[in-house]
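**Student:** sequence unknown, structure follows:
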């Protein structure tokens, strides 16, 4: 069980990644990740984009905050992998 701590907000780095994507890149990313994310990853990403804290996400999804952190790290790696693959195509 989690120990009480100050609310942990989602990292600003993920926001920067999303903000720097063009509309075309974002559409490609959404299409690609739509089938490439686990249910937990998709739910964590949705809640993250809605501005939820890790604690709020963990409570809603019924898991530990570390599980949320791990899921969002996997999403980040998948986004970076997708971006790299698009650069190879350009």
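**Tutor:** Structure's in. What do you need? Since the structure is predicted, the reported quantities are computational estimates derived from the model, not experimental observations.

**Student:** okay, CA-based contacts and neighbour counts for the rest of this
**Tutor:** OK.

**Student:** ok, residue 51 to residue 81 distance?
**Tutor:** According to Cα to Cα, to the nearest Å, residue 51 stands 24 Å off from residue 81.

**Student:** ditto for residue 75
**Tutor:** In this view, residue 75 and residue 81 are 10 Å apart by Cα to Cα.

**Student:** who has more neighbours, these two?
**Tutor:** The neighbour count for residue 75 versus residue 81, taken as other Cα atoms under 10 Å, is higher for residue 75 (21 against 12).

**Student:** can you tell me which helices and strands the helix or strand hosting that one packs against?
**Tutor:** Applying DSSP states H and E as the criterion places residue 75 in helix 65-89. For helix 65-89, the packing partners by 3 or more Cα pairs under 8 Å, 6 or more residues apart in numbering; DSSP states H and E come out as helix 23-36, helix 39-49, helix 54-61.

**Student:** can you pull the contacts of residue 69?
**Tutor:** Residue 69 sits next to residue 54 when contact means Cα atoms under 8 Å, 6 or more residues apart in numbering.
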